[in-house]
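K.L.:
Sequence first, then the predicted structure:
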Amino acid sequence: PGAKLQAYGLMVSLFCTLAQKDLPQSVQGVESNDVLFARDPAYMEELQTLLDRLASECLSLHPAVASAPPLLDLLNRLLVSARLSPEACVLAWELFASASRLATSSADRRWLKNTAEHTAGREGAVYKELGGRMLAACR
């Protein structure tokens, strides 16, 4: 389950990158996906559907993961890459709560705290609320 969750995390990063209005890299003289598709509402809707399905898969898979690092890796990818929709907030909290239960080493606990601090320090009420909840759980 950990490897599958890691693959899902990489897919989240990819789909969030593809959803940007301007991709971070381009090749001169080649029309990239941001020019061809990103302004197309059907394309954006399809990407969002894929992200929602991934979130659902991650929610069903994460209880079977036996260690904190794969959960924290996915959580951090989600927090850095995606805008937090209500569904993404549920997934983020579930990943954090599960990782908290499985955090056995000081490195795992430090990673949890760093994630909480980073989340609480981000712009936006949803991040501050989620980060505050995470920080309270770390105490």
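P.N.:
Nice, I can see it. Residues are numbered from 1 along each chain as shown.

K.L.:
Extract the residue ranges of the protein that are flagged as low pLDDT.
P.N.:
22-26, 32-39 (pLDDT under 70).

K.L.:
Just give me the residue right at the centre of this protein.
P.N.:
residue 78 (0.9 Å; CA atoms, centre = their mean).

K.L.:
Secondary structure element holding that one?
P.N.:
helix 68-81 (DSSP states H and E).

K.L.:
one step back: please report the distance of the residue nearest to the centre of the chain from residue 104.
P.N.:
Using CB to CB, to the nearest Å, we find residue 78 at a distance of 22 Å from residue 104. Placement of C-beta: from N, CA and C, glycine included.

K.L.:
cool, and residue 66?
P.N.:
Applying CB to CB to residue 66 and residue 104 gives a distance of 11 Å.

K.L.:
So which bits of stretch 93-109 are buried?
P.N.:
94-96, 98-100, 102-103, 108 (16 or more other CB atoms under 10 Å).

K.L.:
In helices, which of those fall?
P.N.:
Judged by DSSP state H, the buried residues of stretch 93-109 include 94-96, 98-100, 102, 108 as members of helices.

K.L.:
Return the closest of those residues with respect to residue 58.
P.N.:
residue 95 (7.5 Å; CB to CB).

K.L.:
That closest one - nearest residue in space that isn't next to it in sequence?
P.N.:
residue 75 (4.2 Å; CB to CB, 6 or more residues apart in numbering).
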